[in-house]
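In: model this:
(one chain, ligands or ions: 1)
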Amino acid sequence: MDNPSTDLFYKLINRNRSKPRTNSTGIDIEGELEFNPAIQRKAFAKYYEDLSIPKESKFDNSYLELCQIRQHLVEEVLYNQQTTIEPYKEDDVSKAIDNLNSGKSPDDNADSTHPVWDSVEQNLIEIRKASTKVRMLTGTYMVQADKHKFSQYTIDPTCLLCHREIEDILHVLTQCPVLCNERKEYFTPIKQLVTENSPPGTWELLFNNKLAVTQLVLDCTKYMKQLGFKEELILKLETLTRHFCFKLHYKRISLLKKLDG
Ligand SMILES: [Zn+2]
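Out: A predicted model of the protein is given here:
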């Protein structure tokens, strides 16, 4: 019973689920066969405790990374929403259990989460895309203008890709000519969705400047009343804008890496 790891932990769980092929009353604890059930229980407790402690060499880093990304994302969305969280009370838990028994989820009718989170399919790449968008939305996505501020104005805020103007988030999303191919490709379906589902002239009226377009791309909820979109359309728009932000980010980062060389 040595060298515990995550892999071994799941192997043991699975082995315990299957039917035993051999029967033995003794287990090998540190080289000695032990038959006393009380000592065996203690040894197992110690062993499983050891298994649950992360080990540097055997720890599942990709899982940890996923957890950290999720935690970061949830924190950012909550921070952005300024949501006050009401702790669950015993009553709520009992009601939830009753609802579970009736086959209905307790939050079936709740509509409390931001669409940036709702439309995320549960896989890593979609979470990464949402995370990029949330960082852009909350001002934590690092561009040259931020580096300029954080470096006490020693780093040049000019865009490293086009060298034409200061690189802020508006420049990345709506102006930088170096990113125009990706912008065109992934912005067209956004514009199409809005124009096809709103009265004629709405697009020209609402999105006639780059700031409004940036606002739509980063947080479409601001326009939901004016557009009159229902949940399904909001989620579609959210997905399209998430891809848009990620594709521009990906292209930008790839080009910057090449420049870095
Ligand atoms: Zn540029």
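In: give me the distance between Thr140 and Ala212.
Out: 22 Å (Cβ to Cβ, to the nearest Å). Any C-beta I mention is one placed from the backbone N, CA and C, and that applies to glycine too.
In: and the helices in the stretch 51-200 of the chain, which stretches?
Out: With DSSP state H, counting those that start in this stretch as the definition, the stretch 51-200 of the chain shows helices at residue ranges 61-81, 90-101, 115-118, 124-138, 144-150, 169-170, 180-196.
In: which one of those helices has the lowest average pLDDT?
Out: Among the helices of the stretch 51-200 of the chain, helix 115-118 carries the lowest mean pLDDT, at a mean of 61.
In: next, the buried residues of stretch 239-250.
Out: Judged by neighbour count using 16 or more other Cβ atoms under 10 Å, the buried positions of stretch 239-250 are 239-249.
In: could you redo those residues as TSV and give each row distance to Ile155, secondary structure and pLDDT?
Out: As requested, these are exported to TSV (distance: Cβ to Cβ, whole Å; DSSP: H, G, I helix; E, B strand; the rest coil; pLDDT from 0 to 100):
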residue	distance to Ile155	secondary structure	pLDDT
Thr239	35	helix	90
Leu240	33	helix	94
Thr241	29	helix	94
Arg242	29	helix	92
His243	30	helix	92
Phe244	27	helix	96
Cys245	24	helix	95
Phe246	25	helix	93
Lys247	26	helix	94
Leu248	21	helix	96
His249	20	helix	95
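In: neighbouring contacts of the helix or strand containing Gln215?
Out: Applying DSSP states H and E as the criterion places Gln215 in helix 210-218. Helix 210-218 has contacts (Cβ atoms under 8 Å, 6 or more residues apart in numbering) with 133, 136-137, 169-170, 173-175, 190, 194, 206-207, 222-223, 241, 244-245.
In: next secondary structure after that helix?
Out: Along the chain past helix 210-218, the next helix or strand (assigned with DSSP H and E) turns out to be helix 224-227.
In: packing partners of that next one?
Out: Using 3 or more Cβ pairs under 8 Å, 6 or more residues apart in numbering; DSSP states H and E as the contact criterion, the secondary-structure elements in contact with helix 224-227 are helix 202-206.
In: work out the gap between the helix it packs on and the centre of the chain.
Out: Centroid separation between helix 202-206 and its chain, computed with Cα atoms, centre = their mean, to the nearest Å, is 31 Å.
In: by neighbour count, which bits of that helix are buried? Give me those.
Out: 202-203, 206.
In: what is the neighbour count of the residue in the stretch 1-150 of the chain positioned nearest to the ion?
Out: Closest contact between the stretch 1-150 of the chain and the ion, by Cβ to the ion, is at Gln144 (8.9 Å). The number of residues packed around Gln144, counting by other Cβ atoms under 10 Å, is 19.
In: can you name the residues that contact the residue lying closest to it once chain neighbours are set aside?
Out: Closest residue to Gln144 in three dimensions, ignoring its sequence neighbours and counting by Cβ to Cβ, 6 or more residues apart in numbering: Glu167, at 3.8 Å. When contacts are counted by Cβ under 8 Å, 6+ apart, Glu167 touches 143-145, 157-161, 176.
In: check what pLDDT the spatially closest residue to Cys162 that is not a sequence neighbour gets.
Out: Nearest non-adjacent residue to Cys162, counting by Cβ to Cβ, 6+ apart: Val178, 5.0 Å away. Listed pLDDT for Val178 reads 97.
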